[in-house]
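*Asks:* What would the 3D arrangement of this be:
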Amino acid sequence: MKFMKLGSRPDTFYTAEAVRSVSSDVSSDLIIQVQESSYLLHKFPLLSKCLRLQRLCSESPGSSPHQIVQLPDCPGGVEAFELCAKFCYGITITLSAYNIVAARCAAEYLQMTEEVEKGNLIYKLEVFFNSCILHGWKDSIMTLQSTKALPLWSEDLAITSRCIEAIASKVWSHPSKVSLSHSHSRRVRDDVSCNGNESQRHKSDSKGWWAEDLAELSIDLYWRTMIAIKSGCKMPSNIIGEALKVYASRWLPNISRKSHPNRKVAASDSDSDSASEITSKHRLLLESIASLLPAEKGAVSCSFLLKLLKAATILNASSSSKMELARRVGLQLEEATVNDLLIPSLSYTNDMLYDVELVMTILEQFMLQGQSPPTSPPRSRLAVERRRSRSAENIDFEFQESRRSSSASHSSKLKVAKLVDRYLQEVSKDVNLPMSKFIALAEAIPDFARHDHDDLYKAIDIYLKAHPELNKSERKRLCRILDCKKLSMEACMHAAQNELLPLRVVVQVLFFEQARAAAAGNQVTDLPSNLRALLTTHGFDPLKHTGPLSTTTSIHADDQWSVSGLKSPKSRSSTLRMKLAEDDDLDEHGGVNRNGTERNPKLKAIRGLPNQPKRMFSKLWPTSRGTSEKN
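*Replies:* Model (predicted):
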């Protein structure tokens, strides 16, 4: 750290009866009151360098031996005034990044200019500030921090702006040309000691070397400094993003759903005011960080963006900040994890645990930007003219780039589909989650993005268990989003004995399981004539297959579905008989709405069965039904 000493005389200031005086053979003739302190001093050394004191003494001449001068608004207070007074007496003072702002503002207040005396305090401070303070990295930051105590004076004297410009210029420079801070130098030495032969200069070449030192600034000064850094040169967006992440981890608290400021808790008025003030500061901090995020996609991780979004929700940040963060998350949603998306809900209109609507907004943003580019170059007049001057190799290269971009977009949608289905498995446990929100989120994923519906089936199963109050029609509506053709064998085996599923889903599962076995080359034996006819209608001839129908499949160890007993035909038939007893919609309407329209296109296979459903199912499973089933 740079410092400057002025004056050569020893310090002779002392305190007696709450009055600061200076030891001298000459009696004092001036009393200066600064805030709550009084100074018993002499006119000659002070008035010869302070134009303001000259004017005040001339305006109020007095016949008393001590003339009194009031300086209630002296910037920097007692400490800054005493530095200026000691300079006038020639007493040695030490100036550094810690006190130069206060001394400079007090000297300006006392008008210690060159017009009063050559080589006055303002001139000396400016020389030291420009030649030493602004040339040092740590000195510039510490001086900028100290401007918080005197913001208006620092702005008028351009101390703040000059510090910010000096810091920004050092960030743009090569780190080897900058006198690094003690903290960074210590980190470099530690890295060198761990990595052996690496030199310190090699380690100091890191482009983000400045992030941790700037993280010590208050948010308003940090915001202005980052704006200067971003506008001054083409700084890589990922470096800016990393610096913002460092600052957020330094100042943003570890907040949770319970710490939401709007939650009603018993507390005194003073505690409430204090908590509200702290929340306001954190909200300003969050919104400022959000406004500094680089526009480029991938500048910050999706996980970091979602952490900011969680904090914005809990701190009740502005809707514009939350929507901008949601938009940014949507641009790179494929990088997120389920835990990242579990954003707490703080709405008073519902008691849901998680903010599903916000995740829906994020998903919509992802779908908007995820439009796949064309798989071939556009055929336009301008393109034809340009094509004449291009080689065949360039055209082929552009075509391959277009196909590669389209493939990447499709791949991201597949990842997001898996992510959403696993997210649904988590939020489905919430008993207050409306079914409409579950369905809306599930249907937001296009059909082609789900290669299989196993994860979606798990989510539906969890939702049905957490909401046993759903009636028959609601369960049917929920299961319409499920495509039984995309269920694996394990999922089919589980669904075949799932007592929570509607009848039509169980029938479809059994049908597609038999159809899949037939298509795989297995022989379907001992099938009822009606079901055999149905398979033949859909292009599967059971008589052409020689192998026996097998329901034996390998199940992963981490699979949570229970498939015990499914190898036995009795378990399937008993499950379906129970469904027949519970579900009478097919009996009454045959899968058709009251107005005669088809409820679900997937039920066309069932509607193709001959005779009435009850008679057909009695042939499939001739076991006698109980009295309750008949009713």
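*Asks:* and the nearest residue to Pro151 once chain neighbours are set aside, how far is that from Leu482?
*Replies:* Distances taken as Cβ to Cβ, 6 or more residues apart in numbering put Thr160 closest to Pro151, at 7.6 Å, once the chain neighbours are dropped. From N, CA and C alone the C-beta is placed, and that goes for glycine too. Counting by Cβ to Cβ, to the nearest Å, the gap from Thr160 to Leu482 is 62 Å.
*Asks:* And Ser64, by the same measure?
*Replies:* 98 Å.
*Asks:* quick one: low-confidence parts of the stretch 51-200 of the chain?
*Replies:* 62-63, 174-200 (pLDDT under 70).
*Asks:* Might one say that Ser23 is in contact with Ala16?
*Replies:* No. With contacts counted by Cβ atoms under 8 Å, Ser23 stays clear of Ala16, the gap being 10.6 Å.
*Asks:* Who are the packing partners of the strand or helix carrying the residue nearest to Pro151?
*Replies:* Using DSSP states H and E, Thr160 sits in helix 159-172. Counting by 3 or more Cβ pairs under 8 Å, 6 or more residues apart in numbering; DSSP states H and E, the packing neighbours recorded for helix 159-172 are helix 137-146, helix 151-156, helix 219-232.
*Asks:* Out of these, which is closest to Glu165?
*Replies:* Relative to Glu165, the nearest member of those by Cβ to Cβ is helix 219-232, separated by 6.6 Å.
*Asks:* Quick check: buried residues in that closest one?
*Replies:* For helix 219-232, a neighbour-count test (16 or more other Cβ atoms under 10 Å) marks Ile219, Leu221, Tyr222, Trp223, Arg224, Thr225, Met226, Ala228, Ile229 as buried.
*Asks:* which residues touch Asp430?
*Replies:* By Cβ atoms under 8 Å, 6 or more residues apart in numbering, Asp430 lies in contact with Met352, Leu353, Tyr354, Ala466.
*Asks:* Report the contact partners of the third one.
*Replies:* Tyr354 makes contact with Leu342, Ile343, Pro344, Ser345, Glu426, Val427, Asp430 under the criterion Cβ under 8 Å, 6+ apart.
*Asks:* for the last one, same thing?
*Replies:* For Ala466, the contacting residues are Ser428, Lys429, Asp430, Val431, taking Cβ under 8 Å, 6+ apart as the criterion.
*Asks:* Give the helix, strand or coil label for the third one.
*Replies:* Reducing the assignment at Asp430 to three states with DSSP: H, G, I helix; E, B strand; the rest coil gives coil.
*Asks:* Give me the phi and psi for it.
*Replies:* Backbone geometry at Asp430, expressed as degrees, to the nearest 10, gives phi -80, psi 120.
*Asks:* Is it correct that Asp461 is in contact with Leu500?
*Replies:* Yes. Asp461 is within contact range of Leu500, at 7.0 Å (criterion: Cβ under 8 Å).
*Asks:* Settle it for me: which of the two has more neighbours?
*Replies:* The neighbour count for Asp461 versus Leu500, taken as other Cβ atoms under 10 Å, is higher for Asp461 (20 against 17).
*Asks:* Dump stretch 325-335 to PDB, keeping only the CA atoms.
*Replies:* Output in PDB follows, covering the C-alpha atoms of stretch 325-335 (Å, rounded to 0.1, in the frame of the first residue of the first chain):
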ATOM      1  CA  LEU A 325     -34.200 -14.600 -15.200                       C
ATOM      2  CA  ALA A 326     -36.900 -17.100 -16.200                       C
ATOM      3  CA  ARG A 327     -36.100 -16.200 -19.900                       C
ATOM      4  CA  ARG A 328     -32.400 -16.700 -19.400                       C
ATOM      5  CA  VAL A 329     -33.000 -20.100 -17.700                       C
ATOM      6  CA  GLY A 330     -35.200 -21.200 -20.600                       C
ATOM      7  CA  LEU A 331     -32.300 -20.500 -23.000                       C
ATOM      8  CA  GLN A 332     -30.300 -23.300 -21.400                       C
ATOM      9  CA  LEU A 333     -32.900 -25.400 -19.600                       C
ATOM     10  CA  GLU A 334     -31.300 -28.600 -20.800                       C
ATOM     11  CA  GLU A 335     -28.400 -28.000 -18.300                       C
END
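*Asks:* got the contact list for it?
*Replies:* 290, 293, 297-298, 301-303, 305-306, 308-309, 312, 336, 358, 361-366, 368-369, 411-413, 415-416, 419.
*Asks:* one more time with 6 Å, if that's ok
*Replies:* Applying Cβ atoms under 6 Å, 6 or more residues apart in numbering, the contact partners of stretch 325-335 are 290, 297, 302, 305-306, 308-309, 361-362, 365-366, 369, 412, 415-416.
*Asks:* repeat for stretch 35-52
*Replies:* Stretch 35-52 is contacted from outside by 19-21, 28-32, 53-54, 77-78, 88-89, 110-112, 116-117, 120, using Cβ under 6 Å, 6+ apart.
*Asks:* buried subset of the residues you listed?
*Replies:* Buried subset of the contacts of stretch 35-52 (neighbour count, 16+ other Cβ under 10 Å): 20-21, 28, 30-32, 53-54, 77, 88-89, 110-112, 116, 120.
*Asks:* To what extent is Ser280 buried, counted in neighbours?
*Replies:* Neighbours of Ser280 under the rule other Cβ under 10 Å: 13.
*Asks:* next one: Arg480
*Replies:* Quick note: Arg480 (other Cβ under 10 Å) scores 16 neighbours.
*Asks:* Kindly report the same for Leu424.
*Replies:* For Leu424, the count of nearby residues is 24 (other Cβ under 10 Å).
*Asks:* Tell me if Ala299 really is in a strand.
*Replies:* No. Using three-state DSSP, the secondary structure at Ala299 is coil, not a strand.
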